[in-house]
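Enquirer: Fold the following.
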Amino acid sequence: MLIQYGAVGGVAIMAIAAVRVLFTRLQAAVDREAERADRLEEELRKLNEAVRSEYIGTIAVAAQAIADANRAVGDALAAVRRS
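Expert: Numbering: from 1, shown residues only. Now for the predicted structure:
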């Protein structure tokens, strides 16, 4: 249909082809970035799970040790006051 317009039709066909190629490249880039974001999100989820499973236990033990130390200091102060 555009061929009947001669040079203008040819330019229009080339412009349409160029837009299609650029759109295809853009869509491929968007797909790659979405895939990358999904992969990084999964990696972050795994790291968060590792922190929760490994370090929370350690923090609980450290909190218990601090509580025990505070209790021991309190007992020592009470003993000193009684003397």
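
Enquirer: going forward, measure contacts between C-alpha atoms and count neighbours the same way
Expert: Will do.

Enquirer: Against which helices or strands is the host helix or strand of residue 50 packed?
Expert: Following DSSP states H and E, one finds residue 50 within helix 7-82. Where contact means 3 or more CA pairs under 8 Å, 6 or more residues apart in numbering; DSSP states H and E, helix 7-82 is not packed against any helix or strand.

Enquirer: Check what pLDDT residue 2 gets.
Expert: For residue 2, the pLDDT comes out at 50.

Enquirer: start the count at 29, not 1, going forward
Expert: From this message on, residue numbering opens at 29, which makes the last subject residue 30.

Enquirer: Show me the shaky parts of this structure.
Expert: 29-32 (pLDDT under 70).

Enquirer: For the most centrally placed residue in it, give its distance to residue 57.
Expert: For the chain, the residue nearest the mean C-alpha position is residue 69 (4.2 Å; CA atoms, centre = their mean). Counting by CA to CA, to the nearest Å, the gap from residue 69 to residue 57 is 18 Å.

Enquirer: Residue 89 too?
Expert: 48 Å.

Enquirer: next one: residue 106
Expert: 70 Å.

Enquirer: Also residue 99?
Expert: For residue 99, the distance to residue 57 - CA to CA - is 61 Å.

Enquirer: can you check residue 93 too?
Expert: Residue 93 is 53 Å from residue 57, by CA to CA.

Enquirer: Determine the number of other residues adjacent to residue 82.
Expert: Neighbourhood size, residue 82 [other CA atoms under 10 Å]: 11.

Enquirer: One more: the one 5 residues further on?
Expert: Using other CA under 10 Å, residue 87 has 11 other residues around it.

Enquirer: now the one 3 residues further on
Expert: Applying the criterion other CA under 10 Å, we find 12 residues in the vicinity of residue 90.

Enquirer: ok, now residue 89?
Expert: Residue 89 - counted by other CA under 10 Å - has 12 other residues nearby.
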